[in-house]
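Colleague: Provided below for reference: sequence and predicted model.
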Amino acid sequence: MPDLTLTKVAKSFGVNVVLHDLDLHVRDGELFTLLGPSGCGKSTTLWSIAGLHSPDRGTIAFGDRVVFDGGRIDVAPERRNCGVVFQSYAVWPHLSVHDNVAYPLKLRKERRPARAARVREVLELVELAHLEHRYPHELSGGQQQRVALARALAYPPDLLLLDEPFSNLDAKLRERAREWLRALQQRIGVTTVFVTHDQDEALSMSDRIMVMDQGRVRQVGTPEEIYQEPADVFVADFVGTVNVLPGRAAPGANGTAQVWLDGLGLPLVVPAGAGLDGDVRLTVRPERIVVHPSSGAPADAVNVVTVKVRSRAFLGDHYRYVADLGERELVVRTLAPVDHGSELIVELPPDAIRVFGPA
Amino acid sequence: MTVTAEPRPGAAAPGSGRTRRPRRRFVPATAGHYLIWIVTLVVVVGPVVPITLASFWSTPLYRSGGHLTLGNFRDLLTDPAWWSAVGNSAAFAALTTVSSVLFGVGAAVLLTRTNVPFRRLFAGVLILPVMLPGLVLIVGWMAMWAPSGYVSSWLEINTVLWFPVDLYTLPGMALVATTVAAPTVFLFCRTTVLAIDPALEDAARSAGAHPLRALVSVTVPLLRPAVLNSALLVFAVSFEVLGLPLILGFSNDITFVSTYLYDNWINAAPPNQGLVSAGAVFLLLCVSGLLVLRNRLVGDVSRYTTVTGKATGTRVVDLGPVRWPLAAVFATVLGVLVVVPLAGVVMSAFTSILTPYITPWSVLTTANFAAIAGNPIWSESIVNSLLIAGVGGLLATAAIAVVSVVAHRSAFRFRGSLQQAVVWPRMMPGLVTGMAFFWSFAILDPSGAVRGSLWGIGLAFAVRSLALGYGVFYPALAAIGEDLDRAARTSGATWWQASVSVVLRLSAPAMAACFVLLFVSMLNDADPAVFLVTDRTPVMGLTMLQLAATSTGGAVAAFGVIQMVITLAVLAAGRIFLGVRAHA
Ligand SMILES: Nc1ncnc2c1ncn2[C@@H]1O[C@H](COP(=O)(O)OP(=O)(O)OP(=O)(O)O)[C@@H](O)[C@H]1O
Ligand SMILES: [Mg+2]
């Protein structure tokens, strides 16, 4: 399987610039996810890879094979050998499940017995062999989606491109489909680009994730890196929940800084590299905030604040408190309810706090 | 998972190397696109060139000499008779368009998506008139609903009712024209209504809309491209219609644009060719303006994409008790507009005289049919028309399908101009098309071999029918989600393969509808033949027009009956042989 390289790929529709000189490298056999809000250019990127439309500039290469290079090379989609699953599935309504899957093989002049065997094999792979003779309108959404996947895999693709394949499934089915697709992908080892705007999906399935916003790359990394070491506030905020706290920083003792938040009497101590100064934004994940009993926090705890609780919600496996921290809201997550009146004693451990520049 | 431990299906790909790719096509798609584009432009735009030249030339083109002049236009634009003709045509066309759009759209929605009783029967009756030449229907209307007609006289003698419209006035003519035009609108819109994903309405219903409300607020707006296209077509066709004013306008001296041009060509000696050409060019300009307007109004077609890869079925809205009065309204209207005139055609065809004072049974005759069979020109014209309609209809349907797919589903640079090119010829009055082809053949083919053959007439008829077929084909095409052909491309299909195996295959029902309409339209067409016909190539439409002018009502009606039989046979055959299974 080849790897995939995009170099400075740009695309505009009229005056609307959709991709800004995008660079991207997907390794051999990897499941690589494009994650970003709606309209950020994920599908556009995927379609450029598949050859369904031409970028304005840049190069796209599968391994050593350049499939797009400015105006000079533009390999037609049918010669790129990408398996694509569309957001809408695009299962052909006039063909049975079998014929849908057999189509790519027919185009390659595969002989009949070999073709039938291969169709059966991929249909078994997606657990649809028993529905071979049905027509798409006789299938559920999830089954149609698996037909689309089987069709994409029928003639073994160099690259598998999936555009939000689970967007039409219910939550339970979606979770199963994720695990199932991940296992399948690892077993067949096909280099895969997966598009989603669902962070859970991205985190649970991917080898690596690229977070996009408005046609620009914000960060590329493993799910852990993206979650724990977000490159900027956008990534921190888009992937998971985060408290964003603007304030002013001043240098503090031994490699730390002090940050004053609006309306909060005491500064917070944060880890700081070289000379942190001026306006900053802090981020802290709700589950990293420690809640102490009403008897008080241990003496060595830093950044202990008493906050006023505004609301409490029960979310099945955890509780979510919204409290006032100075003039800001602070979201806190706990596993057990901590009910002692309208106040909480919380600790914001310095290693849970990340510091970013001003907006 | 129930799969043998197979690390990569790649290794298991039977009998194939890992790098096998679809065979390369020797002709790249773009070369094919250019060829189609050029042929289309030559056939559609080419014939207009001589006529445009003629409008700016002081003498007829076949005479030597002459010079560039604006005189023809000056004569035309200062002629009060021309302006009154334009006024009449515009008023008539507007009236016809409004009434047929209201009726056609209403019927398309009510008869396909609600539970009005007998809706299949009503739909069948409603589209009957498109199967007949307008001329025959006029004969039927005159026989039954004219002030001295069979049914209107009978009503006055035997009941307190009377027929409120005088056929020999503008509104009367518009009423007759609506009978023919409403089914066109109906057919355009029904294709779209059937293609609309019920999930779209379900979405509105889940937002709190009553089922009927959902139908009106979701489905009806999605009909906009179909309504605009059909309204424009109806307007243009009504604007140029020749038979109706020639026969009904005569007694009150109501001139239309077509009869003005006809008079200045046929009844003027020598034919006022410069003036007629100038009139034609004037019309073409108006019509191009209309097209630009349509494009503005329709906007981006992909907004109306309603069929995606997710397959679903059609659902029916329950109207409750209201459906019974609605059915009564449909029955009355269709009875008056369609059933009675058609009965008039049949009765005139099989009687020697039709009046309320004599029982039709006593004057039954087959003499009208015997007259057709006995007249070699008349019977030959039927065979010729069948040939033109059958062969021409097939070729034209194929052409429309291919051109539409290039125009709407390719990355071809000039696809926009193709979209205009197919609609445009319909805007030319049939007389002008005939004249344009006449001059083009005269210049390009002095031997007269093409002009003297059925191919010449067939080509003119086909070009004129392009817009009609496109109007049926295009909404169905627009409704096929583009992901479906993209999926074929990424599966390894070339543009042509994807177009044939997915797009054209999915639009097969629309192609069948397109062929039936083209067949009927070409079987009936008359106007362009006025200039192209020879003694060896009579066609049915023109023979009937000439007959109607000499007012042998019975023979025209007999022609109409023959036509009806042929068309019903074609329809039935279409159902059986082209009928596409429900899941496609
Ligand atoms: N054919 C087009 N013409 C004009 N603009 C387009 C076209 N296709 C996409 N765009 C614009 O490009 C941007 C990116 O679109 P794209 O489909 O790549 O988004 P996406 O990230 O896939 O979003 P989603 O998650 O909603 O599918 C959007 O702002 C969209 O408006
Ligand atoms: Mg998308």
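Modeller: That came in fine, so what should we check first? Ligands and ions are numbered 1, 2, ... in the order given.

Colleague: How many neighbouring residues does the residue lying closest to residue A:272 once chain neighbours are set aside have?
Modeller: Leaving aside its sequence neighbours, residue A:272 sits nearest to residue A:257 (CB to CB, 6 or more residues apart in numbering or on different chains; 3.7 Å). Yep, even glycine has a C-beta here, placed from its N, CA and C like the rest. Residue A:257 has 22 neighbours, counted by other CB atoms under 10 Å in any protein chain shown.

Colleague: measure the most centrally placed residue in chain B to residue B:191 for me?
Modeller: Here the mean C-alpha position of chain B is nearest to the C-alpha of residue B:468 (CA atoms, centre = their mean), at a distance of 3.6 Å. Applying CB to CB, to the nearest Å, the value for residue B:468 to residue B:191 is 13 Å.

Colleague: Break chain A down into its structural domains.
Modeller: A:4-238, A:243-356 (automatic domain parsing).

Colleague: same deal with chain B?
Modeller: Using automatic domain parsing, chain B is parsed into the domains B:68-302+B:320-341, B:366-584.

Colleague: so how many other residues sit close to residue B:316?
Modeller: Neighbours around residue B:316, by other CB under 10 Å: 13.

Colleague: An error on my part: the question was meant for residue A:322.
Modeller: 15.

Colleague: And residue B:173, by the same measure?
Modeller: For residue B:173, using other CB under 10 Å, the count is 29.

Colleague: and it, what does it touch?
Modeller: B:92, B:167, B:244-245, B:248-249, B:254 (CB atoms under 8 Å, 6 or more residues apart in numbering or on different chains).

Colleague: what's the answer for residue A:4, then?
Modeller: Contacts of residue A:4 by CB under 8 Å, 6+ apart are A:24-26, A:32, A:49, A:60-62, A:159, A:191, A:193.

Colleague: Now do the phi/psi pair for the residue lying farthest from the centre of chain A.
Modeller: Distance from the centre of chain A peaks at residue A:295, with 41.3 Å (CA atoms, centre = their mean). Main-chain torsions, residue A:295, degrees, to the nearest 10: phi -70, psi -20.

Colleague: could you pull out the helices for the stretch 51-200 of chain B?
Modeller: B:71-77, B:80-113, B:119-127, B:134-145, B:150-158, B:170-195, B:198-206 (DSSP state H, counting those that start in this stretch).

Colleague: again with chain A
Modeller: Using DSSP state H, the helices of chain A run over A:42-50, A:97-107, A:112-125, A:141-154, A:171-188, A:199-205, A:223-228, A:233-238.

Colleague: Around residue A:39, count how many other residues there are.
Modeller: If we define neighbours as other CB under 10 Å, then residue A:39 has 13 of them.

Colleague: I should have written residue B:548 there, sorry.
Modeller: Residue B:548: 23 neighbours (other CB under 10 Å).

Colleague: Touching, it and residue B:139? I think so.
Modeller: Yes: Residue B:548 lies in contact with residue B:139 (CB atoms under 8 Å); the separation is 6.8 Å.

Colleague: shared neighbours of the two, anything?
Modeller: With CB under 8 Å, 6+ apart as the test, residue B:548 and residue B:139 both reach residue B:556.

Colleague: rewinding a little: of the domains of chain A, which shows the lowest average pLDDT?
Modeller: Lowest mean pLDDT within those: domain A:243-356, a mean of 84.

Colleague: What parts of the stretch 101-250 of chain A come near chain B?
Modeller: Contact residues (CB under 8 Å from any CB of the partner chain) of the stretch 101-250 of chain A with chain B: A:103-104, A:107-111, A:113-115, A:117-118, A:121-122, A:124-125, A:127, A:129, A:135-137, A:139, A:141, A:144, A:148, A:151-156, A:161, A:168, A:180, A:183-184, A:187-190.

Colleague: Filter those down to the buried ones.
Modeller: By neighbour count, with 16 or more other CB atoms under 10 Å in any protein chain shown, those hold A:103-104, A:107-108, A:110, A:115, A:118, A:121-122, A:124-125, A:129, A:135-136, A:139, A:144, A:148, A:151-156, A:161, A:168, A:180, A:184, A:187-188, A:190 as buried.
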